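> below is the structure, and that's it, no one-letter string:
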Ligand SMILES: [Mg+2]
């Protein structure tokens, strides 16, 4: 295995569920890897497509599980949306259909939101509609978003997931499903920010000053964690500790750059070369 591309990476983006832990069960060696990365000269970010929760919610959860985590180590698709709006739509007037947590996140990025935390507004014209994984959805938000989109507002969605997996084989309708409703009613399709779309890595690259080819995405899902790296020209590491089996990788059209058993193996490779 030629590990050159992997070792050249300065920043590692980690998926969480199926990569570092499963539910509340932390994988062996996962905490040790994260604690050791600074010593190995590597930066890291915990990356999630979930735009219903704030970055700070993840800091608490990760620390409870024993992982090192500072505010700069967490990045959600909601935060990526804030960065993206700052970088690409400066000064835009934005209608947000999302949770209160997402609302406060966008406020912290200085985004000019026309609505309040609950989605109310009297404004009848905006530049951008942002849709999130809105677990606090009410009809008024759909009504307003549809109204703005039909009048030419740009449609941006935090993450493309159709459903959010839950225990006991349940799912929650996610951002992609809400967007499908809005597309059906307005005729407008969204620009998605979260994995597998390269925007997620592009904004991190701009934010950190690290070029895409020196960023490595580590995860257990081919169609999100690995695809985002491939779409952005970054390095990809698939770990077989989550939902992808060896047979599934073999059948994949495009192979990840590296296929490892788990993050403990990634740690061994990084340590050997240090
Ligand atoms: Mg995962």
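Received it, and whenever you're ready, just let me know what you need. Remember, predicted model here, so these are calculated numbers, not experimental data.
> use CA for all of it now, contacts and neighbours both
Fine.
> residue 254: neighbouring residues, count only.
Applying other Cα atoms under 10 Å, we find 12 residues neighbouring residue 254.
> show the model's pLDDT score for it.
As predicted, residue 254 sits at a pLDDT of 94.
> do the same with residue 194
pLDDT, read off for residue 194, is 96.
> run a quick neighbour tally on it.
So residue 194, with other Cα under 10 Å, has 28 neighbours.
> again, but for residue 253
Neighbour tally, residue 253, other Cα under 10 Å: 7.
> quick check: residue 40 touching residue 269?
No. Counting by Cα atoms under 8 Å, residue 40 stays clear of residue 269, with 11.1 Å between them.
> what's in contact with stretch 57-71?
Residues outside stretch 57-71 that contact it (Cα atoms under 8 Å, 6 or more residues apart in numbering) are 24, 26, 31, 34-35, 55-56, 74.
> quick check, nearest of these to residue 102?
residue 55 (9.3 Å; Cα to Cα).
> residue 51 contacts residue 81, doesn't it?
No. Residue 51 is beyond contact range of residue 81, at 9.1 Å (criterion: Cα under 8 Å).
> just the pLDDT for residue 239.
98.
> change the start of the numbering to 41 and stick with it
Okay, using 41 as the starting number, the last item reads as residue 279.
> which ones are touching it?
Neighbours of residue 279 in contact, by Cα under 8 Å, 6+ apart: 59, 258-260, 299-303.
> let's go with 6 Å and repeat that
If a contact means Cα atoms under 6 Å, 6 or more residues apart in numbering, then residue 279 has 259-260, 300-302 as its contacts.
> identify the bridge partners of it.
Going by DSSP bridges, residue 279 is paired in beta bridges with residue 300.
> and the gap between it and residue 56?
Here residue 279 is placed at a distance of 11 Å from residue 56 (Cα to Cα, to the nearest Å).
> about what we covered before: return the subset of the contacts of stretch 97-111 lying in strands.
Members of the contacts of stretch 97-111 lying in strands (criterion: DSSP state E): 66, 114.
> min pLDDT across the contacts of stretch 97-111, which one?
Of all those, residue 64 has the smallest pLDDT value, namely 87.
> phi, psi of the residue lying closest to that residue once chain neighbours are set aside?
Leaving out its chain neighbours, the residue that sits closest to residue 64 by Cα to Cα, 6 or more residues apart in numbering is residue 105, at 7.2 Å. The phi/psi pair for residue 105 (degrees, to the nearest 10) reads phi -80, psi -10.
> residue 105 and the ion: what is the separation?
16 Å (Cα to the ion, to the nearest Å).
> give the contact list for residue 307.
residue 73.
> pretty sure it sits in a helix.
Yes. The assignment for residue 307 (DSSP: H, G, I helix; E, B strand; the rest coil) places it in a helix.
> three-state assignment of residue 312?
Secondary structure, three-state DSSP: residue 312 is helix.
> what is the burial count for it?
7.
> same question, residue 41
Residue 41, neighbours per other Cα under 10 Å, totals 4.
> repeat that for residue 250.
The local packing of residue 250 (other Cα under 10 Å) involves 15 other residues.
> cool, and residue 298?
18.
> and if you look at residue 311?
So residue 311, with other Cα under 10 Å, has 15 neighbours.
> check it and give its pLDDT.
Confidence score, pLDDT, at residue 311: 95.
> same thing with residue 134?
On pLDDT, residue 134 comes in at 98.
> I'd say it and residue 153 touch.
Yes. Residue 134 is within contact range of residue 153, at 4.8 Å (criterion: Cα atoms under 6 Å).
> intersection of neighbour lists for these two?
Shared contacts of residue 134 and residue 153, defined by Cα under 6 Å, 6+ apart, are absent.
> need the contact list for the closest residue to the ion within the stretch 191-314 of the chain.
Residue nearest to the ion within the stretch 191-314 of the chain (Cα to the ion): residue 260, separated by 5.0 Å. Counting by Cα under 6 Å, 6+ apart, residue 260 touches 58-59, 278-279, 282.
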